[in-house]
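Colleague: make a model of this:
(2 chains)
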Amino acid sequence: MSGPETLDSPLLTAEYRQAPGAYDEMCSPAGVLRPHWERYIASLSNLGGEELAHRWETARQRIRENGVSYNVYGDPLGMDRPWSLDAIPLLIPAEEWRRIEGGLIQRARLLNLILADLYGPQKLLRDGHIPPALVFANPAFWRACHGIKVPRDTYLHLLAVDLARSTDGQWWVLSDRTQAPSGAGYALENRIVLAETFPDLFRESQVLRLASFFRAFRETLLHLSPSRRENPRVVLLTPGPLNETYFEHSYLSRYLGFTLVQGSDLTVRDSRVFLKSLEGLKPVDVILRRMDDSYCDPLELRSDSYLGVAGLVEAVRAGNVAVANALGSGLSETSAFMPFLPGLSRRLLGEELALRSVATWWCGQPKALTYVRDNLNFLVIKPAFPSKGMEPVFGGQLPADQRDRLLAKMSAHPEDFAGQELLNISTAPVWAEDGLTPRHVVLRVYLAAAGDSWMVMPGGLARVSPTRDTPVVSMQRGGGSKDTWVLSSDPVDNFTLRPPTDHRVELNRGLTSDLPSRAAEHLFWLGRYVERSEHLSRVLRCILMRMTGEAPSPSQTSIPTATSPGWDSLMKLHEALDSPHSRMEKDDPQGHLDEVRDLEEEILSLIFEEGRGDSLNANLNRAARATAQVRDRLSSDLLRVASQFGSAARAQDSLAWGYVAPGDALAVLNRCILMLASLRGIEIGNITRGPGWHFLSIGRRIERSMRLVELFRAIIVPLNPDHWQELEMLLEVADSSITYRSRYFTALQAAPVLDLIMNDDSNPRSLAFQVNSLIGHCAGLSKMPSGTGWPAAQQRQLEGAAARLFGADVQALCDVGPGAPRLELDRLLADLETALPALSEAISNTYFSHAVMERVMERPMEGAP
Amino acid sequence: MMYRVRHETVYTYEDAVSVSHHLLRLTPRELKGQHCRESRILIQPVIAVTTTTHKDYFGNTVTSFTLPESHSRLSVDAISVLEVKTVEPPDFAASPAWEEVRDSVQSDHSLEGLDAYQFVFDSSRIVGSAALGEYALESFTRTRPLLDAVFDLTRRIHRDFRFDAKATEVTTPVETFFEKRRGVCQDFSHLQIACMRSLGLPARYVSGYLRTLPPPGRPRLVGADASHAWCAAWCPGSGWVDFDPTNNCIPSDGHITLAWGRDYSDVSPIQGVLLGGAKHTLEVRVDVLPLS
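Modeller: Prediction:
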């Protein structure tokens, strides 16, 4: 299709009902496509609605697999809510973008100069350009940060500005995000998804690329380093996985190549910041922080913060570390600055303000207060000082009593409030099932400091309202997002985030990796939880298959009942799990109990029951949480598999898990086993053999060794010769049935089974293999630079127990005469069972920073009479 | 008067503290009537401690340090030798009407005026209220000279509230003290400041020491003194004038000024963040020894 497109396009026949009075980004009021949409809509029509829907389904799948999420506080389903992205980008022509860009750069220069003055000489207060109350009454004016010299006088290294277009087509600034703006990473992920899903549309549209923006930002951060070291250490400081934009923190840290840290990973010594890595303390030069000013240092800022780094302000004051954005820069987020910006622009830049803010009245001025009171119905009332915690309200929507209360508060503390004009903001098309439909749109754009000026990201994060008639746009309240395409009139270069070729990086193949000890701990537990999950899946599958009559071997011919010969073996295998939360009935004096149903229910509970600590579901959830903590250290393929942890063993109706059909439960177990196997495959193939790998593997080996020892003690030690079914199941759980059959062709006997799954270190499922591998990883770790504290005694204890067990004659251990328990075997296994957790605990004590909370010391009371 | 002041603070931790970070405001200020001849701070344990000092936003000297190794006791011993002279307070009756001060401070953009104006607003520990304003208004009658009114408020607070070392804690909010009517100098000062700010008047918090006289015929007890707090009102032309609501007096050469700020949290003599040290006990000994 070619030529100008009209609304006759098949995609658009479903009515595109424009919102009354609002400017539409795609169509003129008469319903004619705006010129810069023509080419895109033509390509889209070529693609066809069906193909679009098909491709978009794949894209959404990808978003889920990539774990792109946005956490919503207080929403039961809100943690890791999948990111909502629309298939249709917001289009902006290059010419219009250049005008916006110029205005944005001017705004960044202006806000930066204002901050530099208020945290320095405060001339703007003395000459009356900013009302002093706007600074003194603002809790975001951090006196501890006043007078600190920041590198190049740059406060705003990354700045976000929310823009909206009014009825007349004019762009207005709604708000400025100046301390730790979020969303740039989502914008990048949106772009990657859209460009990959619609490569044809993307190419034909000549879209400006985002990569050079991130490269400039990265360079800026590297240049902030106060040290002259060749490779300055830059870290991204996150509040942690509970933060609403944690996905973005891990995503950006990987994309930019910076270590992701939490406050507890850093420490201040002698006014310098260090990373608590496995190899000891490593100096940190630059901190890109994703937390608000107040949380950054409990010593000098908000004392009830447990997220920050005690002593950080002092380290910044001493000039030993740079923080981006500079501490204190949240001050310029107040919308109450807006009415003063035109005058400030003339005073500080000698220029007219190019990009205007939406009309705003700060009630600290008597005339403005009167205006706001008189026009309350037509205004949004916002807190002048956002950190005081009040939510914006629409004056016109307030019930009478709340309105009176608001007016009373405004009289008592006028300086706390600002009134802002309600814009009828523009709409842009989003893809709905039946075609395109308009939604209100707010565009968040980003600037990065670059040299002496700022660079604008050519694009941004567009956010849309949940319905056409909701004027409020907010991710917290269920809106969606869009990619933004700035359309060039010329072909664009294909650039990705690659280091420039003239930059020579020092070769480094050592064991150092900046692995924070907190991350090591989570890797270790990830290893333990996935291994525990796999073991549990295999044991449960083994039991369940026999209960449904689908056993893999011909030895079982019918579904067992409580009286059939195999029944005791099933119960034995379940008992081997030694579950403290078992639901099985202990006493049944009347013999009323349906034992088969009882066991079945127990198995279903062990798979699905969320609140049961030892269920498969609970263990996979723990694995998911551990993964979340170390996202930045795992490959995207690995994360894709791990993204299924949370849902893999979840019953469709989480309360009605008892009604899941055994066949369906079996399918769940099979999927879990496959999922965990592919995880292992990716691990082996993709993870560099550094300290992180050692911790993950040690976690796995310790866990599996413990589970095997547990099984041997429960089943082989008391085994009767006629209970060969238990041996069969044991082989199955240890995934060694085929090997056994190919070796022995005979009936099952304890000694050859034990030889294969305990002593044979060529069998990757055997206990000997686990222990040898564990000792190998221990050797790897103990060689690391800080290996001085390596728990050698516990390692020797383990090696001794292993040597005694594997050195013994298996045949002799097993042949103890009919009916007698194998006590010698039990003793040797018990030794190993003691040595394993001892080693685990010793490693934990040596390497992991334990969750010791920082606390604020009690202060002395001034008590003289 | 010459004084030797010793201010000793000892924290004893039940569990060892592995790392701690501290800020001290224990160096007396230089003032018209106060000159510090000598001031030093001894910190124990002496484990690789380097202290740094800087001036905070209000001009107080802040000493910061980190204890990087495990310890179960921290002692901070501040010793100062200083000279304090009587500065004649201005004529209260000749001060401007309080309403005039309230209005003019908003538009006074001089360095001094701006510095005063910031003390009009709520701070983290002091939030003004209509009730407090009402209580204050009894003293602030129409066009009454500012300092007269402030002194009257000081007198009334001293009369209406009882000193009681056990009634409040270091974090007790102003409203609680206003209801219970019992507390210590920190509470008295926070209340007077809150009252004045509720009327739109600048008021600041001053921390320091008070010379105490032993009962007649008894020897002076060493270390029985305590750190003290009072408040100050800003009066155009005269500057900041101190008032002590706990003792109903105008501070003179018996008051030694350490630091000032918007409230206690701006000036606490010692603060810190600890890693470990679940429970701790705190002992403070202050000794104000007149030398002349």
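
Colleague: which residues does B:F163 contact?
Modeller: Applying Cβ atoms under 8 Å, 6 or more residues apart in numbering or on different chains to B:F163 gives the contacts A:865, B:182-185, B:188, B:246. Where you see a C-beta, it was placed from the backbone N, CA and C, and this is true even at glycine.

Colleague: mind checking which of the residues you listed are in helices?
Modeller: Secondary structure assignment by DSSP state H places B:185, B:188 of those in helices.

Colleague: out of the contacts of B:F163, the closest to A:R373 would be?
Modeller: Nearest to A:R373 among these is B:F188, at 37.9 Å by Cβ to Cβ.

Colleague: thought B:F243 was touching the closest one, still the case?
Modeller: No. Applying Cβ atoms under 8 Å as the test, B:F188 and B:F243 come out as separate, 10.2 Å apart.

Colleague: in the chain, spot the strand with the most residues.
Modeller: Using chain A. Criterion DSSP state E: the longest strand present in chain A is strand A:435-450.

Colleague: other chain: chain B
Modeller: Longest strand in chain B, counting by DSSP E: strand B:2-24.

Colleague: please name every helix or strand in contact with that one.
Modeller: strand B:61-67, strand B:71-84, strand B:270-276, strand B:280-290 (3 or more Cβ pairs under 8 Å, 6 or more residues apart in numbering or on different chains; DSSP states H and E).

Colleague: partner strands of that strand and their direction?
Modeller: strand B:61-67 (antiparallel), strand B:71-84 (antiparallel), strand B:270-276 (antiparallel), strand B:280-290 (antiparallel) (DSSP bridges).

Colleague: assumed A:G169 was part of a strand.
Modeller: No. Per DSSP: H, G, I helix; E, B strand; the rest coil, A:G169 lies outside any strand segment and is coil.

Colleague: give me the local confidence score for it.
Modeller: We have a pLDDT of 94 for A:G169.

Colleague: burial check on it, number of neighbours?
Modeller: Using other Cβ atoms under 10 Å in any protein chain shown as the criterion, A:G169 is surrounded by 10 other residues.

Colleague: residues contacting A:L767?
Modeller: A:L767 neighbours (Cβ under 8 Å, 6+ apart): A:705, A:708-709, A:712, A:757-759.

Colleague: cool, A:S84 as well?
Modeller: A:S84 neighbours (Cβ under 8 Å, 6+ apart): A:70, A:479-481.

Colleague: same deal with A:S43?
Modeller: Taking Cβ under 8 Å, 6+ apart as the test, what A:S43 contacts is A:200-201, A:204-205.

Colleague: of these - the most surrounded one?
Modeller: In the contacts of A:S43, the most neighbours by other Cβ under 10 Å go to A:L201, 23 neighbours.

Colleague: element containing it, please.
Modeller: Using DSSP states H and E, A:L201 sits within helix A:199-204.

Colleague: could I get the average pLDDT for the biggest helix by length in chain A?
Modeller: The longest helix of chain A (DSSP H) is helix A:517-547. Averaged across helix A:517-547, the pLDDT comes to 93.

Colleague: pull out the buried positions in the next helix or strand after it.
Modeller: Where DSSP H and E defines the elements, the next helix or strand beyond helix A:517-547 is helix A:567-576. Neighbour-count burial for helix A:567-576 flags A:567, A:569-570, A:572-574, A:576 (criterion: 16 or more other Cβ atoms under 10 Å in any protein chain shown).

Colleague: list of residues touching helix A:567-576?
Modeller: A:539, A:542-543, A:546-547, A:560-561, A:584, A:595, A:599, A:602-603, A:710-711, A:714-715, A:723, A:725-726, A:729, A:733.

Colleague: from the residues you listed, list just the buried residues.
Modeller: For the contacts of helix A:567-576, buried by 16+ other Cβ under 10 Å: A:539, A:542-543, A:546-547, A:560, A:595, A:599, A:602-603, A:710-711, A:714-715, A:723, A:725-726, A:729, A:733.

Colleague: hmm, back to that, can you put the strands paired with strand B:2-24 in CSV and add mean neighbour count?
Modeller: Output for the strands paired with strand B:2-24, formatted as CSV (neighbours: other Cβ atoms under 10 Å in any protein chain shown):
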stretch, mean neighbour count
strand B:61-67, 22
strand B:71-84, 19
strand B:270-276, 23
strand B:280-290, 17
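
Colleague: compare these and give me the one nearest A:R689.
Modeller: The nearest among these, by Cβ to Cβ, is strand B:270-276 at 32.6 Å.

Colleague: and the closest one, how far out from the chain middle?
Modeller: 21 Å (Cα atoms, centre = their mean, to the nearest Å).

Colleague: so for that strand, mean pLDDT?
Modeller: 90.

Colleague: pLDDT and distance to A:L44 for the buried residues of helix A:567-576 - can I get that in CSV?
Modeller: Shown next, in CSV, are the buried residues of helix A:567-576 (pLDDT from 0 to 100; distance: Cβ to Cβ, whole Å):
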residue, pLDDT, distance to A:L44
A:W567, 82, 63
A:S569, 85, 62
A:L570, 87, 59
A:K572, 86, 63
A:L573, 89, 58
A:H574, 90, 58
A:A576, 87, 60
